[in-house]
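# Everything below, folded, please.
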Amino acid sequence: MWRYFEKSEFKCPCCGANYIEDNLIDRLDMLRSKLLRPLIVNSGYRCRYHNHEIKGAPNSLHLVGKAADINVEGFEPFQKYEMIQYAMMLGFRGIGVAEVFVHLDMRDSKSLWTY
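This next block holds a predicted model:
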């Protein structure tokens, strides 16, 4: 269904549940195509237990399958800006930038932050 991803990459690591939205994977697939580098899924769907264990936000969009934390192999920190630019063009509305990953989600309003 997707060129660069398998839906199983987005399952909850503690219970295997996977309610990730196809629309999110569609956009990540397009992002991967633009960046010409592999995207590694650090976190996709999370059950409430796992989200609590990792101290995720109580209202995290990971809980409803609308968010993923990704890493880009071989990206220098300044190259994250290129990824953010493409992510915005592709319709990601929530973008959080950490040192080792980028959070992308499909929230209702635009938001950009750092960890």
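# Only C-alpha atoms from now on, for both contacts and neighbour counts.
Fine.
# So what pairs up with residue 102 in the strands?
residue 70, residue 97 (DSSP bridges).
# I figured it hits residue 87, correct?
No. Applying CA atoms under 8 Å as the test, residue 102 and residue 87 come out as separate, 10.3 Å apart.
# who are the neighbours in contact with residue 64?
If a contact means CA atoms under 8 Å, 6 or more residues apart in numbering, then residue 64 has 19, 20, 45, 46 as its contacts.
# Without its sequence neighbours, what residue ends up closest to the residue nearest to the spatial centre of the chain?
Computing the C-alpha centroid of the chain and ranking residues by CA atoms, centre = their mean puts residue 68 first, at 2.2 Å. Nearest non-adjacent residue to residue 68, counting by CA to CA, 6 or more residues apart in numbering: residue 44, 4.4 Å away.
# residues near that neighbour, how many?
With neighbours defined by other CA atoms under 10 Å, the count for residue 44 comes to 30.
# hang on, it packs against residue 13?
No. With contact defined as CA under 8 Å, residue 44 does not count as touching residue 13 (9.1 Å).
# Let me know the secondary structure of residue 42.
Under DSSP: H, G, I helix; E, B strand; the rest coil, residue 42 falls in the strand class.
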